Each structure stands twice: as C-alpha cells, then as structure tokens.
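S.K.: Okay, here's the prediction I keep looking at, along with the sequence it came from:
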Amino acid sequence: MASQAWVAERAIPLLKKKPSMGPKEVQEELQTKYKIEIPYQTVVYGRQRAANKLFGKWDDSFDWLYRFKAEVEMRSPGTIVEIATEEVDGKIHFSRFLLLFQGSHRWF
C-alpha cells in the first residue's frame, strides 16, 4: 500500500516537469508506472506534500510578498511597491501587486 510520503517522493519529478499536474493525472502516472492501485485521497495529500516541498506553502508565499516589498523599497528608494488585499469571510486574500521602479515611473 502506497503512503502519502511514498506518493510525494515520486510526484516531485512529475511536478517539476509539469507543475499544473493535478491529483488524478499524478495517480494515473504512478499507477501505470508502478502497477499498483493508489487511493485518490492518498494521491491528493501526497501531491500536496510534493508541491509544498517544491514550491513552498501558499501562506508562506503570501508572507514573502511583504518581505519582498520591504527589500525592494530599502534597496531602491523611490520605487513604488503596492500590495492590494481584500477581506473575504474574515480572511485576508491577495488581490493585486504593483511594482514600479523609480527610474521608470518618472517617465510617465
């Protein structure tokens, strides 16, 4: 029986080639290659582990936006960096991002 960790380990190369690959496609690839039956839920969680390992977690990515903004503003004074968010059901969601380097916005 395949575990989530087993699926994650084998899904990493698949996601490197095709990051948009969904759980069903991962399941089909692994079942074909290894000639075993893998429950769909095991693939869903295993694929998510692999994606987190490759690309990081979504929440962490959101937090990195503000670190990126601070770093750009510190290293390039005059640059405009705006992050727009909206509140949905009490949670903050990313909406838009604007980056206008100091040298380019003075020409507008």
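M.R.: Ah, there it is. Numbering: from 1, shown residues only.
S.K.: Mind splitting this protein into its structural domains?
M.R.: Structurally, the chain divides into domains by automatic domain parsing as follows: 4-55, 58-105.
S.K.: Now do the SS call for Met74.
M.R.: For Met74, the secondary structure call by DSSP: H, G, I helix; E, B strand; the rest coil comes out as helix.
S.K.: Render the CA-only coordinates of the helix or strand harbouring Val26 in CSV, please.
M.R.: According to DSSP states H and E, Val26 maps onto helix 23-34. Below are the C-alpha coordinates for helix 23-34, written out as CSV (Å, rounded to 0.1, in the frame of the first residue of the first chain):
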residue,chain,number,x,y,z
PRO,A,23,-4.0,14.6,-8.5
LYS,A,24,-5.9,12.5,-11.0
GLU,A,25,-3.1,12.8,-13.5
VAL,A,26,-0.5,12.0,-10.9
GLN,A,27,-2.5,9.0,-9.8
GLU,A,28,-2.7,7.7,-13.4
GLU,A,29,1.1,8.2,-13.9
LEU,A,30,2.1,6.4,-10.7
GLN,A,31,-0.4,3.6,-11.2
THR,A,32,0.8,3.0,-14.7
LYS,A,33,4.5,3.1,-13.8
TYR,A,34,4.4,1.1,-10.6
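S.K.: ok, now which ones touch Glu73?
M.R.: When the contact criterion is CB atoms under 8 Å, 6 or more residues apart in numbering, the partners of Glu73 are Thr79, Val81. (C-beta placed from N, C-alpha, C; glycine too.)
S.K.: do that again at 10 Å, thanks
M.R.: Under the criterion of CB atoms under 10 Å, 6 or more residues apart in numbering, the contact partners of Glu73 comprise Thr79, Ile80, Val81, Gln102.
S.K.: And for Lys33?
M.R.: By CB under 10 Å, 6+ apart, the residues touching Lys33 are Arg10, Leu14.
S.K.: Any idea what Val81 is bridged to?
M.R.: Beta-bridge pairing of Val81, defined through DSSP bridges, involves Leu99.
S.K.: what about it, how many neighbours?
M.R.: Taking other CB atoms under 10 Å as the criterion, the count of residues near Val81 is 18.
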